[in-house]
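> Everything below, folded, please.
(2 chains)
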Amino acid sequence: MSAPPKPVPLTTVESTETSDSGAQTLTLSVGPQHSGSGHMRLIVEVDGDIIVNVAPDPGYVHRGIEKIIELRNIIKSIPVIERPSIIDASNLNHAWVRSIEEIQGVEVPRRGQYLRTLLNEMNRIMSHLYWLSIYGVFLGHTTMFMWPLGDRELFIDLAEKLTGARITYSYLVPGGVRRDLPPGFAEEAVKRTEYFEKRLKEYDRIFFNNPLFTSRAKGIGVLSKEKAIELGCTGPTLRGSGVDADLRKDEPYAAYPELDFEVSTRPDGDSFSRAMVHMDEMRESCKIIRQIVKKIPTGPIRRKAPIVLPRGVAYGRVESARGECSFYLIGEGGDKPYRARYITGSYRNMAAIPAVLVGNRLADMPTAWWSIDYWPVEADR
Amino acid sequence: MSAQRTAQEEDPVATLAEGLSIWVGKLSDLVKKVVDTGPIRNVINWARMYSLWPVNITTACCSAEFGAASGARHDLERFGVLPIGSLRQSDLIVIEGTITKKMAKRLRMIYDQMALPRYVIAMGDCAMSGGLFHDSYSIVNGAHEFVPVDVYVPGCPPRPEALEQAIIMLQEKIRRSKVYEQG
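I've put the predicted structure just below:
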């Protein structure tokens, strides 16, 4: 990666200048008001049509969550922790309660573990579907915007039955979960996942086997295995480059050791592979949900845990939809942590944005950079 | 100075232009009055009500619910709300959640660049008053601090139904308002 370019003023086109090779380059500012960006800005330097340098400009959604956590007690922090990735709320919540339980030494009942896993997997599907819908609209494929968002409501309804909220659940609390399974949930979950798997085949037909998509995604935004490891990527971005790394298998937590699922990897490392990893993960999550509702044990869902965070240090991490989400937590005996370091998947994958974009054409930018599944709110925290 | 002024007063062209501008002003006042009282106002307001195109700016996490509202189940296009890439063609900013200090400057710039009439919906508790992040060091406590807001939508995040309700309220507001006093 070359040196970061100097900050540019807020105009769309800054200036034309001659680079070392003698070619004229142009600096473009993509975002934050742009249909191909999110709440972030990419400072893109192009030579003709080829991207020569990219500098991500994050921080548009930096809300100082690490500081806020120090000001609230550990239960009141839960909604704050969910907000960075609102479409993947329970996974972030899981990392938080895991780190607290590690310090407190609280054991979660098995039924509670299963319920946590259930909501995590539903969240993974919802998050991937949201990603897919935005991917569709970035590529000008409006059907792929509407379908995933419509199917996402299937799981939102299911999660609403279980937790009482559409997307922000605060369902996982230290010691277990808040509510038990409602009656009729298991049948409904099986019905909806089976219907959804049929829909995924239709997605393949209309989008993933469509030349409109494959010609724009195959071989675009290649991130090699070595580069992905060097940049510290995580989640689907890393697995799309052929690295078999998934915390659910490597460091099993909650109910994952007792469940049967596969980690999807693709060797190519291009936009298409990363997209297909997301698709495979949704299929696997459907399987996991069906297994959970089938073999969920009976018993209590929650064990009493103190609100006090004893003196100690813990590192809790889970595999969220966008990669590894971790908390480094220091307790000092009060009800508030002394310090909480909060790392999310998008934050780590930000390093991959320049790597996948440089060398591609400007028109390939949406395909390449959104395949990383970068959620700016989660990265800025 | 005084010599110049007398010269200007005696200049017949300047006198004519001054008189003409008074008459043009009176005429435009008349036009405004006719438009605002007659059926023309209803037609213009009807057109504005059902083509509220929000600009493509997202400030924070309420964008997930905005996305859900634009999607298949709660199709916002039923109300004529179609997210559009260009801010010159858009009429509406939906401020989706927390506004950081860094984003507030850009939001104001976007608001200034939009053509009149323009409307603002502040979505979520954070855009109303800071909400969950009210004690953070890097946010602005409410959208009203830098742009005029038409409709507030409470909730963290508001459900898509609440956003639909806000759109209907904004349409009602446009329907009742005068043509030249909007935006």
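
> okay, now the closest residue in space to residue B:77 that isn't next to it in sequence: neighbour count?
Spatially, and ignoring its direct neighbours in sequence, residue B:77 is nearest to residue B:70 (7.6 Å; Cβ to Cβ, 6 or more residues apart in numbering or on different chains). Where you see a C-beta, it was placed from the backbone N, CA and C, and this is true even at glycine. The number of residues packed near residue B:70 is 22, by other Cβ atoms under 10 Å in any protein chain shown.

> and residue B:70, what does it touch?
Contacts for residue B:70 were tallied using Cβ atoms under 8 Å, 6 or more residues apart in numbering or on different chains; they are A:145, A:149, B:76, B:77, B:81, B:83.

> Tell me which of the residues you listed fall in strands.
Assignment to strands by DSSP state E places none of these there.

> pLDDT score assigned to the residue nearest to residue B:77?
Looking at residue B:70, its pLDDT reads 87.

> mind checking how far it is from residue B:114?
For residue B:70, the distance to residue B:114 equals 19 Å [Cβ to Cβ, to the nearest Å].

> Which per-residue confidence value corresponds to residue A:37?
pLDDT, residue A:37: 67.

> Selection in ChimeraX covering whichever of the contacts of residue B:70 are buried, please.
A single ChimeraX command selects the buried members of the contacts of residue B:70 (16 or more other Cβ atoms under 10 Å in any protein chain shown):
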select /A:145,149 /B:76,81,83
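
> Tabulate the contacts of residue B:70 (CSV), appending distance to residue A:354 and pLDDT.
Formatted as CSV, the contacts of residue B:70 follow (distance: Cβ to Cβ, whole Å; pLDDT from 0 to 100):
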residue, distance to residue A:354, pLDDT
A:145, 27, 87
A:149, 30, 90
B:76, 35, 87
B:77, 36, 86
B:81, 35, 88
B:83, 28, 80
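
> contacts for whichever helix or strand residue B:172 is part of?
Taking DSSP states H and E as the definition, one finds residue B:172 inside helix B:160-176. Here helix B:160-176 makes contact (Cβ under 8 Å, 6+ apart) with B:45-46, B:48-50, B:52, B:65-66, B:68-69, B:73-74, B:76, B:79, B:81, B:92, B:94, B:119, B:121, B:123, B:150-155, B:158, B:182.

> Which positions in that helix come out as buried?
Those would be B:160, B:162, B:163, B:164, B:166, B:167, B:170, B:171, B:174, for helix B:160-176 by 16+ other Cβ under 10 Å.

> First-to-last residue distance for stretch A:71-89?
Chord length of stretch A:71-89, first to last residue, is 21 Å (Cα to Cα, to the nearest Å).

> Over to stretch A:98-115?
From its first residue to its last, stretch A:98-115 covers 14 Å (Cα to Cα).

> Enumerate the residues of the stretch 1-150 of chain A near chain B.
Contacts of the stretch 1-150 of chain A with chain B, taken as Cβ under 8 Å from any Cβ of the partner chain, map to A:10, A:32-35, A:38-39, A:59-65, A:67-68, A:71, A:79-80, A:83-87, A:130, A:133-134, A:145-150.

> Whichever of these end up buried, select them in ChimeraX.
Remark: buried members of those, expressed as a ChimeraX selection using 16+ other Cβ under 10 Å:
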select /A:32,33,34,35,38,39,59,60,61,62,63,64,65,68,79,80,83,84,85,86,87,130,133,134,145,146,147,148,149,150
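
> In helices, which of the residues of the stretch 1-150 of chain A next to chain B fall?
Those of the residues of the stretch 1-150 of chain A next to chain B mapping onto helices are A:65, A:67-68, A:71, A:79-80, A:130, A:133-134, A:145-150, per DSSP state H.

> from the buried residues of helix B:160-176, which is closest to chain A?
The closest of the buried residues of helix B:160-176 to chain A turns out to be residue B:160 (Cβ to the nearest Cβ; 8.5 Å).

> where does the chain have low pLDDT?
This is for chain A. By pLDDT under 70, the low-scoring segments of chain A are A:1-23, A:35-37.

> ah, no, chain B please
Within chain B, the stretches with pLDDT under 70 are B:1-9, B:182-183.

> mind running it again at 80?
Low-confidence segments of chain B, defined by pLDDT under 80: B:1-12, B:34-38, B:56, B:84-86, B:178-183.

> That one: helices as residue ranges?
For chain B, helices defined by DSSP H occupy the ranges B:2-10, B:12-37, B:39-49, B:63-70, B:101-113, B:125-129, B:160-176.

> Please parse chain B into its domains.
By the record's domain assignment, chain B is partitioned as B:2-37, B:52-181 (automatic domain parsing).

> Most tightly packed of these?
The highest mean neighbour count among these, using mean count of other Cβ atoms under 10 Å in any protein chain shown, belongs to domain B:52-181: a mean of 20.

> Quote the end-to-end distance of that one.
First residue to last in domain B:52-181 (Cα to Cα) measures 17 Å.

> and that domain, how far out from the chain's middle?
Centroid displacement of domain B:52-181 relative to its chain, using Cα atoms, centre = their mean, to the nearest Å, is 10 Å.

> go on, stretch A:30-44?
Distance of stretch A:30-44 from the chain centroid (Cα atoms, centre = their mean) equals 19 Å.

> Send over that stretch as PDB, restricted to the C-alpha atoms.
Provided in PDB are the C-alpha atoms of stretch A:30-44 (Å, rounded to 0.1, in the frame of the first residue of the first chain):
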ATOM      1  CA  VAL A  30     -16.900   9.200  -3.200                       C
ATOM      2  CA  GLY A  31     -19.400   9.800  -0.400                       C
ATOM      3  CA  PRO A  32     -20.800  10.400   2.100                       C
ATOM      4  CA  GLN A  33     -23.600  11.600  -0.200                       C
ATOM      5  CA  HIS A  34     -23.300   9.100  -3.000                       C
ATOM      6  CA  SER A  35     -25.400   6.300  -4.100                       C
ATOM      7  CA  GLY A  36     -22.400   4.000  -4.200                       C
ATOM      8  CA  SER A  37     -21.100   4.600  -0.700                       C
ATOM      9  CA  GLY A  38     -22.500   4.400   2.800                       C
ATOM     10  CA  HIS A  39     -22.000   6.800   5.600                       C
ATOM     11  CA  MET A  40     -18.300   7.000   4.700                       C
ATOM     12  CA  ARG A  41     -16.100   8.500   2.100                       C
ATOM     13  CA  LEU A  42     -13.500   6.900  -0.200                       C
ATOM     14  CA  ILE A  43     -10.900   9.200  -1.600                       C
ATOM     15  CA  VAL A  44     -10.200   7.600  -4.900                       C
END
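
> Show me which residues of stretch A:196-211 are buried.
Neighbour-count burial for stretch A:196-211 [16+ other Cβ under 10 Å]: A:196, A:199, A:200, A:203, A:207, A:208, A:210.

> and the helix or strand where the fourth one lies, does that touch chain B?
Assignment of secondary structure by DSSP H and E places residue A:203 within helix A:185-203. No - using Cβ under 8 Å from any Cβ as the criterion, no contacts between helix A:185-203 and chain B are found, and the smallest distance is 11.7 Å.

> Could you name the helices and strands sitting against that helix?
helix A:142-163, helix A:271-295 (3 or more Cβ pairs under 8 Å, 6 or more residues apart in numbering or on different chains; DSSP states H and E).

> quick one, that helix and helix A:142-163 angle?
With axes from the mean of the first three to the mean of the last three Cα atoms, to 10 degrees defining the directions, helix A:185-203 sits at 170 degrees from helix A:142-163.
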